[in-house]
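>>> sequence first, then the predicted structure, then my questions.
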Amino acid sequence: TTKRKLLGKIKLNREDRLNLEFAQKIIGWIDLRKSGMMRQFYYLLRLFKEICQELGIGHDELSNYFYGEVIDLLLCGKRINKKELIRRDKTLMLVFEKNREIQIFYGAAAAKMLKLGTASREEKIKGTVASLGRGGKIISGKARVVIHPEKSEFKTGEILVTSMTRVEFVPLMRKAKAIITDEGGMACHAAIVSRELGLPAIIGTKTATQKLKTGDELEMDLASGVIKIIKL
């Protein structure tokens with residue numbers, strides 16, 4: 001109803017209407033894809049939980065297994081040795097290329113490649129403003145960097161800083177003052193949920209989780225998308 005009223009007030013030429021209809025289709029396709037992904041994640045997590053209970057293996061340990069290794073674990077009871085699991089848990093990067101075997105990098109080599117892949121030419125942290133929320137143009141607050149939401153001691157009123165949000169982040173998002181992510185576009189999970197909850201959000205910064213630390217006092221400029229650390 002609201003959309004029809006707005007369209008009635010705005011005069012659009014044929015080209016603008018076609019572009020608007022195309023944008024609506026694209027957003028619909030994105031939402032459909034994400035809905036499928038969320039269902040896959042739900043069943044995958046349920047499957048992981050059952051495997052952990054059945055084989056007496058911890059979730060953190062199982063999450064470090066590759067696909068083929070999970071199959072070997074189920075069919076043959078073959079487990080990855082502790083030394084290899086510790087290496088993977090510290091720093092691990094996989095490179096997938098067409099018609100080539102997966103390349104695995106550990107430790108300093110993985111950290112170097114990750115840094116090169118996400119390096120920014122600018123020192124400032126800048127992203128896309130996905131939601132203005134219900135506050136002013138400048139939002140200030142204390143950051144909390146979250147990688148594993150189920151383990152986070154997130155406090156009401158903190159600014160949630162993460163790579164990207166998923167369904168399991170929603171309880172934290174409800175308590176957050178604002179949201180900052182490394183990844184995502186205007187139709188990503190963080191953007192959609194932040195608008196629904198009326199939370200300020202800056203997404204797609206690329207480097208927020210690297211440059212910000214839990215406890216940093218932040219200033220978010222919702223006009224420019226720039227995030228600054230306030231020196232106290």
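All right, it came through fine. From a predicted model like this one, the values you see are computed outputs, not experimental measurements.

>>> show me the shaky parts of this protein.
1, 3, 114-123, 232 (pLDDT under 70).

>>> can you rerun that using 50?
Where the chain drops to pLDDT under 50, the residues are 119-122.

>>> which non-adjacent residue is nearest the spatially most central residue of it?
The centre of the chain sits closest to Met164, judged by Cα atoms, centre = their mean, with a distance of 0.7 Å. Nearest non-adjacent residue to Met164, counting by Cβ to Cβ, 6 or more residues apart in numbering: Glu183, 4.4 Å away. In short, each C-beta sits where N, CA and C put it, glycine included.

>>> residues in contact with the one you found?
163-164, 203-204, 206 (Cβ atoms under 8 Å, 6 or more residues apart in numbering).

>>> regarding the chain, what is its longest strand?
Ranked by residue count and defined by DSSP state E, the top strand of the chain is strand 138-145.

>>> packing partners for it?
Applying 3 or more Cβ pairs under 8 Å, 6 or more residues apart in numbering; DSSP states H and E, one finds that strand 138-145 contacts strand 159-162, strand 178-181, strand 217-221.

>>> moving C-terminal from the second one, which element do we reach first?
What that stands for is strand 178-181. helix 189-197 (DSSP states H and E).

>>> contacts for that following helix?
Judged by Cβ under 8 Å, 6+ apart, the contacts made with helix 189-197 from elsewhere in the structure are 34, 130-131, 133, 164-167, 169-170, 173-174, 179, 181, 184-185, 199-201, 203.

>>> can you pull the buried residues of it?
189-194, 197 (16 or more other Cβ atoms under 10 Å).

>>> do stretch 213-225 as well
Here stretch 213-225 shows 216, 218, 220, 222, 225 as buried, counting by 16+ other Cβ under 10 Å.

>>> how about the helices in this structure?
For the chain, applying DSSP state H gives helices covering 2-9, 14-55, 59-62, 67-76, 82-90, 107-118, 170-175, 189-197, 208-211.

>>> and the angle from the longest one to helix 2-9?
To tie it back to what came earlier, the one meant is helix 14-55. Using axes from the mean of the first three to the mean of the last three Cα atoms, to 10 degrees, the direction of helix 14-55 lies 160 degrees away from that of helix 2-9.

>>> list the residues that contact the closest residue to Ile57 other than its chain neighbours.
Once flanking residues are discounted, Ile57 sits nearest to Ile51: 7.0 Å by Cβ to Cβ, 6+ apart. Listed by Cβ under 8 Å, 6+ apart, the contact partners of Ile51 are 57, 62, 70, 73-74.

>>> how far away is Cys52 from Ile159?
Counting by Cβ to Cβ, to the nearest Å, the gap from Cys52 to Ile159 is 33 Å.

>>> before we move on, the earlier item: from Lys78, how far off is the residue nearest to Ile57?
In terms of Cβ to Cβ, Ile51 sits 13 Å off from Lys78.

>>> what does Pro149 give?
Taking Cβ to Cβ, one finds Pro149 at 31 Å from Lys78.

>>> more neighbours, these two?
Pro149 (18 against 10; other Cβ atoms under 10 Å).

>>> thought Arg174 was touching that one, still the case?
No. Checked against Cβ atoms under 8 Å, the pair Pro149 and Arg174 is beyond contact range at 11.8 Å.
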